[in-house]
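>>> Model the following, please.
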Amino acid sequence: MCSFTDQRFDAALDRAVAAQLSSNDSSGSADLVTEADLVALPTPVATYLRRCGVVGKPRVHNAVIDMHATLYRAPDQPPMETPVLQVSFVHPPTRLFLLHTHMFGLPVHGVHAYNSTDASMDIRLLGLLPVVRESGQALHRAESVTVLNDWCIMMPAALLDSRLTWKEQSERQVDVAFRSGGDTVHASLEFDVHGDLVNFSSDDRHFLDADGFRWTTPLRFYRDFGGVRLASQGDAIWHYRDREPFTYGTFTLRRVRYNVPADELPHADQLRRV
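Residues are numbered from 1 along each chain as shown. Down below sits the predicted model:
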């Protein structure tokens, strides 16, 4: 039986495809990333894109991402293991994130949906009974940080987007601002001596009462995903002023596909085959 959250994912995906088509942002575009595209970027970001291998490859319009996540509700709680299916678009910015896990031995399904004007989070026990339901402008601002994080880590060619504003702080640190809808969010990117992105930090992602003041995603284990070199694993960490940081999730990339044709984009039923 298709759960309520799966239905929401599929409906949001259909709307996103329609929005993409109406924006004339075709996944079949042959435009390639060139060295000339990197000239306006801060040196550390340009170096990172070269190390990722995006030069000479098509610009990214969408991405289908299969992950495995280990999630924690609290520091003293047991882990929840889940496959994750994510579909993201660049124009207009869209993120659809679907998970199936278990809580107290019962199945839990969750969907996060984001576009340039709205965001929602819907977590349901047995796929039907609401556990968390949130939406609105504050969530949109927080999830704009998540979208920026996705672009930096899993869709590096999207960092050529004109909605990003850069400020180089040093040879290993760059600040970035991302405009989406009525929100502008900020983050700091940290690179290692080789030029790989090793951490992302933002003070703009706080939304729930349990969230910290700073969100970081340290990265590791770079490897090839269809010709693009990406960090294959990262943590999601909340930092607090009055207690120790809390690593609430570890995410491991399984597969990343770019510029997937509209008729080949996965719907919710494919999560069970990840």
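
>>> Only the buried residues of the helix or strand containing residue 18, if you could.
Taking DSSP states H and E as the definition, residue 18 sits inside helix 4-22. For helix 4-22, a neighbour-count test (16 or more other Cβ atoms under 10 Å) marks 4, 5, 6, 8, 9, 10, 12, 13, 16, 17, 19, 20 as buried. C-betas here are computed from N, CA, C, even on glycine.

>>> Look up how far residue 54 lies from the fourth one.
Read that as residue 8. 32 Å (Cβ to Cβ, to the nearest Å).

>>> Is it correct that residue 75 is in contact with residue 246?
Yes: the criterion here is Cβ atoms under 8 Å, and residue 75 meets it with residue 246 at 5.5 Å.

>>> who touches both of those two?
Common neighbours of residue 75 and residue 246 (criterion: Cβ atoms under 8 Å, 6 or more residues apart in numbering): none identified.

>>> out of the two, which sits in the more crowded spot?
Between residue 75 and residue 246, residue 246 has the larger neighbour count (other Cβ atoms under 10 Å), namely 17 against 11.

>>> So what pairs up with that one in the strands?
Using DSSP bridges, the bridge partners assigned to residue 246 are residue 238.

>>> surely it meets residue 212?
Yes: shown here, residue 246 and residue 212 form a contact pair, counting by Cβ under 8 Å, at 7.1 Å.

>>> Give me the common contacts of these two.
238, 240.

>>> quick one: low-confidence parts of this structure?
Low-confidence segments of the chain (pLDDT under 70): 1-2, 23-30, 272-274.

>>> can you give me the strands for it?
62-71, 80-89, 94-103, 106-114, 119-125, 129-135, 164-170, 173-180, 183-191, 197-202, 214-216, 219-225, 228-239, 246-258 (DSSP state E).

>>> To residue 43, which of the ones you listed lies closest?
Shortest distance between residue 43 and the strands of the chain, using Cβ to Cβ, is found for strand 164-170: 6.9 Å.

>>> now the angle between strand 173-180 and that closest one, please.
Strand 164-170 runs at 170 degrees relative to strand 173-180, counting by axes from the mean of the first three to the mean of the last three Cα atoms, to 10 degrees.

>>> Would you mind writing the CA trace of strand 164-170 as CSV?
Once non-C-alpha atoms are left out, strand 164-170 reads as follows in CSV (Å, rounded to 0.1, in the frame of the first residue of the first chain):
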residue,chain,number,x,y,z
LEU,A,164,25.2,32.5,-5.2
THR,A,165,27.4,35.3,-3.9
TRP,A,166,30.9,34.5,-2.8
LYS,A,167,33.5,36.0,-0.4
GLU,A,168,36.9,34.5,-0.1
GLN,A,169,38.2,34.6,3.5
SER,A,170,41.4,32.7,3.0
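
>>> Can you tell me the strand partners of that strand and which way each runs?
Going by DSSP bridges, the partners of strand 164-170 are strand 173-180 (antiparallel).

>>> Also compute the angle for the partner strand relative to strand 106-114, please.
Angle, strand 173-180 to strand 106-114, by the same axes, to 10 degrees: 80 degrees.

>>> Report the distance from strand 173-180 to the chain centre.
Centre-to-centre, strand 173-180 and its host chain are 15 Å apart (Cα atoms, centre = their mean, to the nearest Å).

>>> what sits up against that strand?
By Cβ under 8 Å, 6+ apart, strand 173-180 touches 42, 44-45, 93, 116, 140, 144-145, 147-148, 152, 163-169, 184-191.
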